[in-house]
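Chemist: okay, here's the prediction I keep looking at, along with the sequence it came from:
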Amino acid sequence: MADVAERVGISAITVSRAFKRPELVAPQLRQRILDIAQSMGYVPNQAASALASARSMTVAVLIPSMTNMVFVETLAGIHDMLLPRGYRALIGVTHYSPEEEERLIRTYLQFQPDGLLLTGTDHTAVARTYLSALSSPTVHMMELLDDPDSLSVGCSQEEGGRLMTTHLLARGYRRIGFVAVQLDPRTLSRLDGYRHALEEAGLYDEKRVWRLPDRSSIQLGAAMIDRLMAENSDCDAVFFCNDDLAQGALFQCQRRGIRVPQQLAIAGFNDLPASAWTTPTLTTIATPRYAIGRHAAAMLLDLMDGKDPPQRRLDLGLTFIAREST
């Protein structure tokens, strides 16, 4: 670092800031520092830096899946906030398993991250013990917590389930089914919203609810249409807990000659990119996953800087998108 500083003609502390706090260094000067550092083969020693500053400049980020576009977009929001501040994400995939999350938390705490971003609130007792003893701040994503001592950024999954079911009722559908897969807390909250809306209308029927532990996929959505036909289901509409399921259902309806929405209405959740381009286009609920990642990372940055965030529970809301499938 001293050699780079001498070549540029500045202090070593300015070189340090260029790498750790780039927003504090003028862009032209920072680029000059980076160019000379690169030409000299200089790479900052993060281990030494962590010892000197008591910061690791890392954030542990746990998500359920790397193949689900919802969480890929959440990661993009996190990355766009952390990278300009010099932080790197230690990304772990829980595969929707609280036990795997516990193992990842135990592993990542050994690297002393400056903060944690966790998806959901379905923690084991051991994981809760780790988190309660942790000095680094933790922010939960996707689900909202009512605990005043916790911090969360997300939206109401139950409200999303209610919103879609209310729309289907308003469109005249009365025998509305629900397909829930993976059975994680977010899916079950959507199911609660669906159930409450139908109970209020006096139309809830447990026989029209399908609960499967399988992973959400287009293939599974197509298989569910075949299952509904085999069981002679009387549904006039089906609300799928995820868009990929609903997309598969639409494809299979085309293969089976089932007219959507005339014979069967199809609805999804999450507004995945392809949902605007299916035939017919898919009615769904858009979730602000990029914004959730960005705001959760911003909240964590405030906490790591010793600041109180403006809100400890940030509800970013949902957007209902009416399309052709209902």
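Modeler: Arrived safely, thanks for sending. Given the structure is predicted, the values throughout are model-derived calculations rather than measurements.
Chemist: rest of the way, CA atoms for contacts and neighbours
Modeler: Will do.
Chemist: who does the strand or helix carrying residue 116 pair up with?
Modeler: For residue 116, the enclosing helix or strand under DSSP states H and E is strand 115-119. Strands that pair with strand 115-119, judged by DSSP bridges, come out as strand 58-63 (parallel), strand 138-142 (parallel).
Chemist: make JSON lines out of these and add mean neighbour count and mean pLDDT.
Modeler: As requested, the strands paired with strand 115-119 are arranged in JSON lines below (neighbours: other Cα atoms under 10 Å; pLDDT from 0 to 100):
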{"stretch": "strand 58-63", "mean neighbour count": "24", "mean pLDDT": "97"}
{"stretch": "strand 138-142", "mean neighbour count": "25", "mean pLDDT": "96"}
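Chemist: make TSV from those strands and add distance to residue 274 to it.
Modeler: Compiled in TSV, the strands paired with strand 115-119 are given as follows (distance: least, Cα to Cα, whole Å):
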stretch	distance to residue 274
strand 58-63	22
strand 138-142	22
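Chemist: ok, which of those strands comes nearest residue 87?
Modeler: For the strands paired with strand 115-119, proximity to residue 87 was assessed by Cα to Cα; strand 58-63 is nearest, at 5.3 Å.
Chemist: how far does that closest one sit from its chain's centre?
Modeler: What separates the centre of strand 58-63 from the centre of its chain is 12 Å, taken as Cα atoms, centre = their mean, to the nearest Å.
Chemist: who touches the helix or strand harbouring residue 73?
Modeler: Secondary-structure element containing residue 73, defined by DSSP H and E: helix 69-82. Helix 69-82 has contacts (Cα atoms under 8 Å, 6 or more residues apart in numbering) with 63-66, 88-89, 270, 272, 289-298, 301.
Chemist: could you list the low-pLDDT ranges of the stretch 101-250 of the chain?
Modeler: Low-confidence segments of the stretch 101-250 of the chain, defined by pLDDT under 70, are absent.
Chemist: would you map the strands across it?
Modeler: Shown for the stretch 101-250 of the chain, the strands assigned by DSSP state E, counting those that start in this stretch span residues 115-119, 138-142, 152-154, 176-181, 209-212, 237-240.
Chemist: quick one on the thing from earlier: quick one: which of the strands paired with strand 115-119 is nearest residue 237?
Modeler: Comparing the strands paired with strand 115-119 by their distance to residue 237 (Cα to Cα), the top pick is strand 138-142, with 27.0 Å.
Chemist: may I see the buried residues of stretch 159-176?
Modeler: The neighbour-count check on stretch 159-176 (16 or more other Cα atoms under 10 Å) flags 159-166, 168-169, 173-176 as buried.
Chemist: thinking again about what came up before, got the buried residues for the strand holding residue 116?
Modeler: So, applying 16+ other Cα under 10 Å, buried residues of strand 115-119: 115-119.
Chemist: again, but for stretch 269-277
Modeler: For stretch 269-277, burial by neighbour count (16+ other Cα under 10 Å) applies to 269-272, 275-276.
Chemist: how deep is residue 81 tucked in, by neighbour count?
Modeler: Other residues lying near residue 81 total 18 when counted by other Cα atoms under 10 Å.
Chemist: which parts of the protein are helices?
Modeler: Taking DSSP state H to define them, one finds helices in the chain at 2-8, 12-20, 27-39, 46-53, 69-82, 98-109, 125-133, 157-170, 185-201, 218-230, 243-256, 289-304.
Chemist: as JSON lines, those with distance to residue 262 would be great.
Modeler: Converted to JSON lines, the helices of the chain look like this (distance: least, Cα to Cα, whole Å):
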{"stretch": "helix 2-8", "distance to residue 262": "70"}
{"stretch": "helix 12-20", "distance to residue 262": "59"}
{"stretch": "helix 27-39", "distance to residue 262": "59"}
{"stretch": "helix 46-53", "distance to residue 262": "61"}
{"stretch": "helix 69-82", "distance to residue 262": "30"}
{"stretch": "helix 98-109", "distance to residue 262": "41"}
{"stretch": "helix 125-133", "distance to residue 262": "48"}
{"stretch": "helix 157-170", "distance to residue 262": "13"}
{"stretch": "helix 185-201", "distance to residue 262": "21"}
{"stretch": "helix 218-230", "distance to residue 262": "15"}
{"stretch": "helix 243-256", "distance to residue 262": "11"}
{"stretch": "helix 289-304", "distance to residue 262": "32"}
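Chemist: I'm done for today, thanks for sticking with me.
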